[in-house]
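Q: need a 3D model of the following:
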Amino acid sequence: MVAAAGAQNPYDAASAIESYLRGDTFSYTLDPPRPPTGEDPLAYFLFNSHKGYCEFFATAMGDMLRTLGIPTRLVSGYGPGSYDTSINSFVVRSEDAHTWVEVYFPKYGWIEFEPTHDNVYFSIPRGASGNICQRDLLCDTPGGSSGPVGAVAVPTGRAGGTQEGPAGATGPGFRIPDPSTLTKIVGIVLAVLLLLFATAARYLRPRSVMGVWRRTLLLARLAGADQRAGETPYEMGRRLVGSFPEAAEPMRSLTNGFVVAAYAPPDLARSARASVLEAWSALRPLLLRRAFARIRPTRV
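A: Residues are numbered from 1 along each chain as shown. Alright, predicted model coming up:
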């Protein structure tokens, strides 16, 4: 069939297969005959029944292209729906669900093909002069304004738009997402922000003395006071008091409590935990304020 069509390249081969499946040999039905037991349903569709719905046609074209070594994929989406004059818009319903084929050409990317012949999904025009009027673009005339040869309007899905075809150089334009998509995007962004906030809040509420000390060192580093090599906790505590005088009292209390918890006998060390956590609650916002002030853009 491909050879009989005189195909000279992968695009010609894809067009020949599309035309063959859209020919008089095949017919569209939502109730295709069942293949005999043990027979492959796709082979039965191609060689015997010749009756099926969009998934039969798209799968058949995809398999035939792959046997020729041509990259292809099946795409599931929705058709343009029907025009509702009461709202002046097209309405897409579940029965408008559809499957079609996209073929990959290295120079042009993924190009759509429509193998299903059901008097709803028409073959996609390519290589014509001017803009083709798609019925889901609300245009009245089939011609439209003239344009350069090969710049044709072809569906990017089943809902209009433009895509580059093998004979043209028209690329897809920016389209504002529909309200439902925007709602999903906003929801995902908010969920990510809430997750980050919850993670940060949990990190800033350690339950152990050592956890408090590690976070103190981190916030001090972010605020511009990194720990120095060989510096003892007392030495660092005194230096942080000098660097952040507003945090002097909680810093001294935290340092003293940490030293007791880290180096005193176990019974005495455990008694220091409460004072360390209390000092951290007072110190944390002060160090965070310093860290944010350091990364905040400077006004000119």
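
Q: pretty sure residue 76 sits in a strand.
A: Yes. Residue 76 sits within a strand when classified using DSSP: H, G, I helix; E, B strand; the rest coil.

Q: that one pairs with what?
A: Counting by DSSP bridges, residue 76 forms beta bridges with residue 99.

Q: assess the claim that it and residue 98 are in contact.
A: Yes. Under the criterion of CB atoms under 8 Å, residue 76 is in contact with residue 98, at a separation of 7.4 Å. Every residue, glycine included, has its C-beta placed from N, CA and C.

Q: between those two, which one's more packed in?
A: Here residue 76 and residue 98 are set side by side on neighbour count (other CB atoms under 10 Å), and the busier one is residue 98, at 22 against 12.

Q: just give the closest residue to that one, not the sequence neighbours.
A: Nearest-residue entry for residue 98: residue 79, 4.9 Å, with adjacent residues in sequence omitted and distances by CB to CB, 6 or more residues apart in numbering.

Q: do residue 215 as well
A: By the measure of CB to CB, 6+ apart, the closest residue to residue 215 outside its immediate chain neighbours is residue 206, 5.9 Å from it.

Q: contact partners for that neighbour?
A: Contacts here follow CB atoms under 8 Å, 6 or more residues apart in numbering; on that basis residue 206 touches 212, 214-215, 280.

Q: report the buried members of those.
A: Restricting the contacts of residue 206 to buried positions leaves 212, 215, 280, with burial counted as 16 or more other CB atoms under 10 Å.

Q: who's in contact with the last one?
A: By CB under 8 Å, 6+ apart, the residues touching residue 280 are 206, 212, 215-216, 250, 254.

Q: what do you get for residue 98?
A: Contacts of residue 98 were listed using CB under 8 Å, 6+ apart, and they are 54, 76-79, 116, 121, 158.

Q: for residue 91, see how far away it is.
A: 15 Å (CB to CB, to the nearest Å).

Q: domain map for this protein?
A: Domain assignment for the chain by automatic domain parsing gives 10-175, 206-295.

Q: out of those, point me to the one whose mean pLDDT is lowest.
A: Per-segment confidence across the domains of the chain bottoms out at domain 10-175, which has a mean of 75 in mean pLDDT.

Q: okay, now residue 47: neighbour count?
A: Residue 47 has 10 neighbours, counted by other CB under 10 Å.

Q: what about residue 202, neighbour count?
A: Applying other CB under 10 Å, we find 9 other residues in the vicinity of residue 202.

Q: which SSE is it in?
A: Under the assignment given by DSSP states H and E, the secondary-structure element containing residue 202 is helix 179-203.

Q: how far off centre is that helix?
A: 15 Å (CA atoms, centre = their mean, to the nearest Å).

Q: next helix or strand past that helix?
A: As the chain continues past helix 179-203, the following element, by DSSP H and E, is helix 209-222.

Q: and that following helix, what other elements does it pack with?
A: Contacts of helix 209-222 with other secondary structure elements, assessed using 3 or more CB pairs under 8 Å, 6 or more residues apart in numbering; DSSP states H and E, are made with helix 248-263, helix 273-295.

Q: I'd like to know which of the ones you listed is closest to residue 224.
A: Taking CB to CB as the criterion, residue 224 comes closest to helix 273-295 out of those, the separation being 5.7 Å.

Q: between helix 209-222 and that closest one, find me the angle.
A: In this structure, helix 273-295 runs at an angle of 20 degrees to helix 209-222, with axes from the mean of the first three to the mean of the last three CA atoms, to 10 degrees as the basis.

Q: re earlier: farthest pair within the contacts of residue 280?
A: Of all pairs drawn from the contacts of residue 280, the one with the largest separation by CB to CB is 206 and 250; the distance is 15.0 Å.

Q: please identify the residue most distant from the middle of the protein.
A: In the chain, the greatest distance from the average C-alpha position (CA atoms, centre = their mean) is reached by residue 265, at 55.8 Å.

Q: follow-up on the earlier one: what is the nearest of the contacts of residue 206 to residue 232?
A: Nearest to residue 232, judged by CB to CB, of these is residue 214 at 16.3 Å.
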